[in-house]
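Participant: got a predicted model here, sequence first, then my questions.
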Amino acid sequence: MRLPLALAFIGLTLGGCVGMDAAQCRGANWYELGFRDGLYGMQRMDIVYDEQCGKHGAKPDTAAYAKGWQEGLWEYDARKIHGGTD
């Protein structure tokens, strides 16, 4: 179970080479990005986004990202507990 998570993290970290451009950083819905990452059971990626966007002079809304990530993770955990059904 940890291998897919590790591979996703490595893929996103390496994908940081391509990364977000300035427009994506400035126009991002940080709550939604956090929610998506949490929903897929990923570790928090706000440090990676901060690094990517910092190159463009943009700063992620880490509070919104963290809130979205936590809520997405709750949903991820609920799906695991209920066997993937709602």
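Facilitator: In hand now; what should we look at?

Participant: centroid-nearest residue for the protein?
Facilitator: D37 (3.5 Å; C-alpha atoms, centre = their mean).

Participant: neighbours around K67, how many?
Facilitator: Residues within reach of K67, counting by other C-beta atoms under 10 Å, total 16. To be clear about C-beta, it is placed using only N, CA and C from the backbone, and glycine gets the same treatment.

Participant: secondary structure element for the closest residue to it other than its chain neighbours, which one?
Facilitator: Closest residue in space to K67, ignoring its immediate chain neighbours: Y31 at 6.2 Å, by C-beta to C-beta, 6 or more residues apart in numbering. Of the helices and strands defined by DSSP states H and E, Y31 is found in helix 30-39.

Participant: buried residues in that helix, which are they?
Facilitator: If you call a residue buried by 16 or more other C-beta atoms under 10 Å, then helix 30-39 has these buried ones: 30-31, 33-35, 37-39.

Participant: pull that helix out as CSV, backbone CA atoms only.
Facilitator: Provided in CSV are the C-alpha atoms of helix 30-39 (Å, rounded to 0.1, in the frame of the first residue of the first chain):
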residue,chain,number,x,y,z
TRP,A,30,-5.3,26.0,-3.2
TYR,A,31,-8.2,24.5,-1.2
GLU,A,32,-9.2,22.4,-4.3
LEU,A,33,-5.5,21.3,-4.9
GLY,A,34,-5.2,20.3,-1.2
PHE,A,35,-8.5,18.4,-1.3
ARG,A,36,-7.4,16.5,-4.5
ASP,A,37,-4.1,15.6,-2.9
GLY,A,38,-5.8,14.4,0.3
LEU,A,39,-8.5,12.6,-1.6
